[in-house]
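1. Fold the following for me, if possible:
(chains A and B)
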Amino acid sequence: MSLYAVQKFLYELNRDERVQAGYHADRHAALEPFELTAEETRALVEPDIGLLYHLGVNGQILMHFAALHQIEWADYLRLMREGIEQHGPVREGVYAITGYAGVDAAESGDEA
Amino acid sequence: MSLVFAGVCPHAPGITGRKHLADPELRDAFYAAFDDMRQRLEATEPDVLVVIAAEHFANFFMNNMPSFAIGMADHYEGPIEDPGWIGIDRTRVPGDRKLSERFITQVMQGSDVAYAEEWKFDHGIMVPLHFLTPRFDLPVIPVNINCQGPPLTPLHRAWNFGESIRAAADAMPERIAVIGTGGISHWPATPDSGKINEPWDRDFLDRWTRNDREALLDFDDLTLYTDAGQGGFEIRTFIAVSAAAKGATGTVHFYAPIPIFAVGCTIATYDLTG
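-> Sure thing, here's the model as predicted:
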């Protein structure tokens, strides 16, 4: 588990077009400099938005990764919800402070 | 001179990026309030606009996260986000390195800050500028308070920082405007995006307009997270503006929860003429 490394890669990807070009050309090679588990590598290569959210990636970083993959906003929200349903509460990071309250807690969670 | 303008506004990227999905009547009323804020700002004839924002890992990361950072460059670039996604064209925003340096030197007399000679603006600054300086013709001093990567800047330190900003403004000859951007309650970019705690927002705005230091600082991060979401951490920018306003009372010109924008949209200013 190395949430820091996952987020560090996404931070660099989000702000550097050269890193984006490298990721598009060879995703595994782009991830090589980062100490990632097999699970984290898989989530970043596929990409698996739901798993990344479950691992604790901050949404302020994750939403740009989703946009990079042309994932629409409504689908981005859905994929995170499915990730929680499939894998359980957020493991680490800012959202693990109190645990994820569940989609029902979102009074207007039907945002498109 | 001193501080000539102090206000707060939201910065959620959906405000521009998802405008086509919002209720047109509500959206246009909010946009009109933003434009009214622009006119209020322009009427004070500021020489520079200090934007106290909550940055979102565009420049600062957990390898070296400052509690406070201030930009010090002649120009900045933004938005860092995809222009199509955020609905704002990428542009060069003017700064003023020498003015920033004088400002930072003064702020440092009261608060410890990091300075940055390069800064890529994200939505935290670009969305407000899109409405408030649409021609990008007013020099900007970007300011960041760590509202994202715990451990976060303590609220009372955000207040002290606002006091340092005011002391700096008082010591400089320029006409200085300051805005805080972000908040209030929201759960941005999470499965709960769109959730807004309106009663909590209105209570907070009551504290903000009264400029009640004790009430504004009467939160801890756990209850903030529970009641106002991780986006609620951004009240630090509002609190800094309150302190900078130095006892002035405020007016909420517009407030409405707009879930598709993922935030309660607030336009508020302090009356600095009293």
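2. and residue B:191, how far is that from residue A:81?
-> 5 Å (CB to CB, to the nearest Å). C-betas here are computed from N, CA, C, even on glycine.
3. Please say which of these two ends up with more neighbours.
-> Neighbours were counted for residue B:191 and for residue A:81 using other CB atoms under 10 Å in any protein chain shown; residue B:191 has more, 30 against 19.
4. I figured the more buried one hits residue A:80, correct?
-> Yes. Here residue B:191 reaches residue A:80: they are 4.5 Å apart, a contact under CB atoms under 8 Å.
5. Give the residues shared as contacts by the two.
-> Common neighbours of residue B:191 and residue A:80 (criterion: CB atoms under 8 Å, 6 or more residues apart in numbering or on different chains): residue A:53.
6. which residues in the stretch 51-200 of chain B form strands?
-> B:68-71, B:75-78, B:91-94, B:114-116, B:140-145, B:176-181 (DSSP state E, counting those that start in this stretch).
7. Now tell me what touches the second one from outside.
-> Counting by CB under 8 Å, 6+ apart, strand B:75-78 makes contact with B:88, B:90-95, B:118-122, B:125-126, B:129, B:140, B:142, all of which sit outside it.
8. quick one: the helices in chain B?
-> In chain B, the helices defined using DSSP state H lie at B:14-17, B:24-43, B:83-86, B:97-107, B:123-132, B:155-170, B:198-210, B:213-216, B:221-228, B:235-245.
9. Return the list of helices and strands in contact with the last one.
-> Here helix B:235-245 is seen to pack against strand B:3-9, strand B:48-53, strand B:140-145, helix B:155-170, strand B:176-181, helix B:198-210, helix B:213-216, strand B:263-270 when contacts are counted using 3 or more CB pairs under 8 Å, 6 or more residues apart in numbering or on different chains; DSSP states H and E.
10. tell me, how many neighbours does residue A:35 end up with?
-> For residue A:35, using other CB under 10 Å, the count is 11.
11. Check residue B:34 too.
-> Using other CB under 10 Å, residue B:34 has 21 neighbouring residues.
12. Do you know the pLDDT at it?
-> We have a pLDDT of 98 for residue B:34.
13. picking up where we left off before, dump the helices of chain B to CSV, plus distance to residue B:186.
-> Output for those, formatted as CSV (distance: least, CB to CB, whole Å):
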stretch, distance to residue B:186
helix B:14-17, 10
helix B:24-43, 15
helix B:83-86, 17
helix B:97-107, 28
helix B:123-132, 13
helix B:155-170, 18
helix B:198-210, 9
helix B:213-216, 18
helix B:221-228, 8
helix B:235-245, 11
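14. Can you check which of these gets nearest to residue B:56?
-> helix B:123-132 (6.1 Å; CB to CB).
15. Mind giving me the packing neighbours of that closest one?
-> With 3+ CB pairs under 8 Å, 6+ apart as the test, helix B:123-132 has strand B:3-9, helix B:14-17, helix B:24-43, strand B:48-53, strand B:75-78, helix B:83-86, strand B:140-145, strand B:176-181 packed against it.
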